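Novice: My questions concern the predicted model and sequence given below.
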Amino acid sequence: MERFDLYIDNPIAVGIVPEAPKIVGMMATDGNMVAQFPVTVYNATGQAIGVADDKAAFIGLWNSDGSNQKIGRLYGAAGPFAFTLALQIGASLQALTANPVNDIIDVDQQAINDNDKSTILFQ
(Lines give C-alpha, C1' and ligand atoms only; values in the text may rest on other atoms or scores of the structure.)
Protein backbone atom coordinates (compact mmCIF):
# COMPACT_ATOMS: atom_id res chain seq x y z
CA MET A 1 0.00 0.00 0.00
CA GLU A 2 1.37 3.41 -1.01
CA ARG A 3 1.31 6.44 1.23
CA PHE A 4 0.78 10.00 -0.06
CA ASP A 5 1.40 13.16 1.93
CA LEU A 6 -0.52 16.28 1.00
CA TYR A 7 1.08 19.66 1.57
CA ILE A 8 -0.94 22.83 1.10
CA ASP A 9 0.89 26.16 0.85
CA ASN A 10 -2.14 28.33 1.65
CA PRO A 11 -4.89 26.47 3.55
CA ILE A 12 -7.04 29.66 3.73
CA ALA A 13 -7.14 29.97 -0.07
CA VAL A 14 -8.46 26.43 -0.51
CA GLY A 15 -11.06 26.80 2.23
CA ILE A 16 -9.62 24.45 4.83
CA VAL A 17 -8.98 27.04 7.55
CA PRO A 18 -11.33 29.99 8.12
CA GLU A 19 -9.89 33.47 7.85
CA ALA A 20 -8.98 35.33 11.02
CA PRO A 21 -11.75 37.61 12.33
CA LYS A 22 -11.58 41.14 10.97
CA ILE A 23 -12.52 44.50 12.42
CA VAL A 24 -15.34 46.19 10.49
CA GLY A 25 -16.97 49.58 10.91
CA MET A 26 -20.53 50.73 10.41
CA MET A 27 -21.33 52.66 7.20
CA ALA A 28 -24.56 54.42 6.24
CA THR A 29 -26.11 53.66 2.86
CA ASP A 30 -24.79 57.05 1.66
CA GLY A 31 -21.20 55.88 2.34
CA ASN A 32 -20.58 57.96 5.48
CA MET A 33 -19.46 56.49 8.79
CA VAL A 34 -22.20 56.08 11.40
CA ALA A 35 -21.56 57.67 14.78
CA GLN A 36 -24.88 57.56 16.63
CA PHE A 37 -27.61 55.22 17.80
CA PRO A 38 -30.40 54.35 17.19
CA VAL A 39 -29.79 52.94 13.71
CA THR A 40 -31.75 50.97 11.16
CA VAL A 41 -29.85 47.70 10.65
CA TYR A 42 -29.47 46.22 7.15
CA ASN A 43 -28.51 42.66 6.30
CA ALA A 44 -25.85 41.58 3.80
CA THR A 45 -28.38 41.82 0.93
CA GLY A 46 -29.35 45.42 1.78
CA GLN A 47 -32.71 44.64 3.42
CA ALA A 48 -33.71 46.55 6.57
CA ILE A 49 -34.04 44.04 9.42
CA GLY A 50 -34.78 46.25 12.43
CA VAL A 51 -33.75 49.19 14.61
CA ALA A 52 -30.95 48.94 17.18
CA ASP A 53 -30.69 51.35 20.13
CA ASP A 54 -27.15 50.26 21.04
CA LYS A 55 -24.25 48.05 20.03
CA ALA A 56 -25.58 44.92 21.76
CA ALA A 57 -28.94 45.24 19.97
CA PHE A 58 -27.13 45.78 16.64
CA ILE A 59 -25.09 42.59 17.13
CA GLY A 60 -28.20 40.60 18.11
CA LEU A 61 -30.20 41.77 15.09
CA TRP A 62 -27.32 41.25 12.65
CA ASN A 63 -26.52 37.74 13.91
CA SER A 64 -30.19 36.66 13.85
CA ASP A 65 -30.56 37.25 10.09
CA GLY A 66 -30.16 34.25 7.76
CA SER A 67 -28.37 36.21 5.01
CA ASN A 68 -25.85 37.50 7.53
CA GLN A 69 -25.29 34.03 9.00
CA LYS A 70 -23.98 32.97 5.57
CA ILE A 71 -21.36 35.76 5.87
CA GLY A 72 -20.26 35.15 9.45
CA ARG A 73 -20.82 35.98 13.09
CA LEU A 74 -20.57 39.47 14.55
CA TYR A 75 -18.98 40.29 17.91
CA GLY A 76 -18.17 43.50 19.75
CA ALA A 77 -14.83 45.30 19.44
CA ALA A 78 -13.37 48.43 21.05
CA GLY A 79 -15.59 51.49 20.88
CA PRO A 80 -19.31 51.81 20.17
CA PHE A 81 -19.11 51.54 16.37
CA ALA A 82 -16.39 48.92 15.74
CA PHE A 83 -17.15 45.22 15.44
CA THR A 84 -15.27 41.97 14.98
CA LEU A 85 -16.59 39.76 12.18
CA ALA A 86 -15.70 36.07 12.12
CA LEU A 87 -16.20 35.22 8.44
CA GLN A 88 -17.50 31.94 7.07
CA ILE A 89 -15.08 30.20 4.71
CA GLY A 90 -15.12 31.98 1.35
CA ALA A 91 -17.30 34.90 2.56
CA SER A 92 -16.39 38.58 2.52
CA LEU A 93 -17.88 41.84 3.77
CA GLN A 94 -16.29 45.28 3.72
CA ALA A 95 -18.56 47.15 6.15
CA LEU A 96 -21.76 46.80 8.13
CA THR A 97 -24.65 48.89 6.84
CA ALA A 98 -26.85 51.00 9.11
CA ASN A 99 -28.60 54.35 8.87
CA PRO A 100 -29.10 56.70 11.83
CA VAL A 101 -32.75 56.95 12.82
CA ASN A 102 -33.65 60.65 12.82
CA ASP A 103 -37.41 60.58 12.47
CA ILE A 104 -39.85 57.77 13.09
CA ILE A 105 -43.24 57.93 11.38
CA ASP A 106 -45.93 55.86 13.05
CA VAL A 107 -47.73 53.08 11.17
CA ASP A 108 -50.81 55.18 10.43
CA GLN A 109 -48.62 58.16 9.45
CA GLN A 110 -50.47 60.27 12.00
CA ALA A 111 -47.39 61.57 13.83
CA ILE A 112 -43.63 62.00 13.63
CA ASN A 113 -41.52 61.38 16.74
CA ASP A 114 -38.21 63.28 16.64
CA ASN A 115 -35.04 62.19 18.44
CA ASP A 116 -35.75 64.82 21.10
CA LYS A 117 -38.96 62.86 21.89
CA SER A 118 -41.29 65.64 20.73
CA THR A 119 -44.29 64.60 18.66
CA ILE A 120 -45.78 66.40 15.64
CA LEU A 121 -49.36 65.38 14.90
CA PHE A 122 -50.78 65.49 11.37
CA GLN A 123 -54.21 67.08 10.93
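Specialist: Received it, and whenever you're ready, just let me know what you need.
Novice: for the chain, what spans make up the helices?
Specialist: 55-64, 66-69 (DSSP state H).
Novice: Specify the stretch among those helices that is closest to N102.
Specialist: Nearest to N102 among the helices of the chain is helix 55-64 (17.0 Å), distances taken as C-beta to C-beta. Backbone N, C-alpha and C define where each C-beta goes, glycine included.
Novice: outside of that closest one, which residues touch it?
Specialist: Here helix 55-64 makes contact (C-beta atoms under 8 Å, 6 or more residues apart in numbering) with 26, 37, 39, 41, 43, 49-50, 52, 68-69, 73-76, 80-81, 83, 96, 98.
Novice: Provide the partner residues of M26 in its beta bridges.
Specialist: L96 (DSSP bridges).
Novice: residue contacts, it?
Specialist: 33-34, 39, 58, 81, 83, 95-98.
Novice: And I89, how far from M27?
Specialist: According to C-beta to C-beta, to the nearest Å, I89 stands 24 Å off from M27.
Novice: isn't M33 right next to G79, touching?
Specialist: No - the criterion here is C-beta atoms under 8 Å, and M33 misses it with G79 at 11.6 Å.
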